[in-house]
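Student: Any chance you can model this:
(one chain, ligands or ions: 1)
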Amino acid sequence: MKRVIVYGGTGGIGAATARALRQRGYGLHLAARDAGRLEALASELGETTFTAGDVRDPGFFTQVTAGAGDAVAGLVYAVGTINLRPLAKLTVEDAETDFRINALGAFLAIQAAARALKAGAGEAGSGVVLFSTVAVAQGFANHASVAMAKGAVEGLALSLAAELSPQVRVNVVAPSLTRTPLAAAITASDTLASGIAAMHALQRLGTPEDIAGLASFLVSDEAGWITGQVIGVDGGRSALRTKG
Ligand SMILES: NC(=O)c1ccc[n+]([C@@H]2O[C@H](COP(=O)([O-])OP(=O)(O)OC[C@H]3O[C@@H](n4cnc5c(N)ncnc54)[C@H](OP(=O)(O)O)[C@@H]3O)[C@@H](O)[C@H]2O)c1
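Tutor: The predicted model follows:
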């Protein structure tokens, strides 16, 4: 059975993507910090192994790859931060943490898995999916640190899509606000959530399944001629204005 590594596999988007990949017939190797949640999800999904650890530990990535096996058909890096503050309130630590978790983590995950991704590439190539944010295509106030880190993710993806071709395809999904634990601080307020939902042409926030549909497709052989793309799943937020 073809196997896919999912970093952040117990999170909102990561778990939905893991479920969608299982429906497409892939086995999984999940990675996140909480071993209990990993174990529970692995037994629910079946054909799923896991490695517990922290993406801020550079040694974690070789452990994950070793746990996944010599050949993998894909890699999804669904770990991230939402650290929204005005420029004057952002510290060096904020910027370093956002960069480390979003960008350097994705870099190290692919570097550690590159050999296995090449070994697992069928005719359609293996599929890597990274996550950016709508706040790179459009400038939003208070997003400087996360937009800087996610901009780096988009640059990383394009560079590696060229370098690892033709065996490995690398694409990016750029969501707008999606109801997951990461976004809970924003979505917990009905007033705030409905105000933000109204800024989207499609008049609602995203669900993990909205994002997972594209992410699992991009891993799969059906996306065998798609690489080096940044694709918004954002209710129209990056491109459309319906008022004013
Ligand atoms: N939700 C949104 O509105 C939104 C919008 C734009 C982009 N995104 C991006 O979409 C991706 C998925 O986000 P999400 O909303 O699904 O997040 P989430 O629900 O918070 O899930 C995060 C996942 O990553 C794991 N994780 C967090 N910190 C980790 C660390 N230091 N080391 C290892 N694992 C860690 C978590 O498990 P443990 O806590 O057990 O480690 C969990 O499995 C991220 O790249 C995010 O930036 C999300």
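Student: tell me the secondary structure for the nearest residue to residue 119 once chain neighbours are set aside?
Tutor: Excluding the flanking residues, the one nearest residue 119 by Cβ to Cβ, 6 or more residues apart in numbering is residue 71, at 3.9 Å. To be clear about C-beta, it is placed using only N, CA and C from the backbone, and glycine gets the same treatment. Of the three states, residue 71 takes coil under DSSP: H, G, I helix; E, B strand; the rest coil.
Student: ok, residue 71 - contacts?
Tutor: Shown in contact with residue 71 (Cβ atoms under 8 Å, 6 or more residues apart in numbering): 3, 116, 119, 120.
Student: For the buried ones among those, write the corresponding PyMOL selection.
Tutor: Entered in PyMOL, the line below selects the buried ones among the contacts of residue 71, by 16 or more other Cβ atoms under 10 Å:
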select buried, resi 3+116+120
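Student: Which of the three states applies to residue 169?
Tutor: strand.
Student: same thing with residue 124?
Tutor: Under the three-state scheme (three-state DSSP), residue 124 adopts coil.
Student: do the same with the one 4 residues further on
Tutor: Three-state secondary structure (criterion: three-state DSSP) places residue 128 in strand.
Student: following the helix or strand bottoming out on mean pLDDT in the chain, which helix or strand shows up next?
Tutor: Every helix and strand of the chain was ranked by mean pLDDT, DSSP states H and E. The lowest is helix 184-187, at a mean of 94. With elements assigned by DSSP states H and E, the helix or strand that comes after helix 184-187 is helix 190-197.
Student: for the next helix or strand after that following helix, the distance to its chain's centre please.
Tutor: Counting by DSSP H and E, the next helix or strand C-terminal to helix 190-197 is helix 208-219. Using Cα atoms, centre = their mean, to the nearest Å, the distance from the centre of helix 208-219 to the centre of the chain it belongs to is 10 Å.
Student: Walk me through which strands whichever helix or strand comes after helix 208-219 pairs with, and which way each runs.
Tutor: The helix or strand immediately downstream of helix 208-219 is strand 230-233, counting by DSSP H and E. Strand 230-233 sits in its sheet next to strand 168-175 (parallel), going by DSSP bridges.
Student: Could you see whether the ligand lies near the partner strand?
Tutor: Yes: residues of strand 168-175 contacting the ligand under Cβ under 6 Å from any ligand atom: residue 175.
Student: Restricting the selection to alpha carbons, write that strand to CSV.
Tutor: Extracted C-alpha coordinates of strand 168-175, given in CSV (Å, rounded to 0.1, in the frame of the first residue of the first chain):
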residue,chain,number,x,y,z
VAL,A,168,8.4,14.8,-6.9
ARG,A,169,5.5,17.3,-7.4
VAL,A,170,5.3,20.2,-4.9
ASN,A,171,2.2,22.3,-4.5
VAL,A,172,0.8,24.8,-1.9
VAL,A,173,-2.7,25.2,-0.6
ALA,A,174,-3.5,28.7,0.6
PRO,A,175,-6.6,28.7,2.8
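Student: chain center to it: distance?
Tutor: Relative to the chain's own centre, strand 168-175 is displaced by 8 Å; criterion: Cα atoms, centre = their mean.
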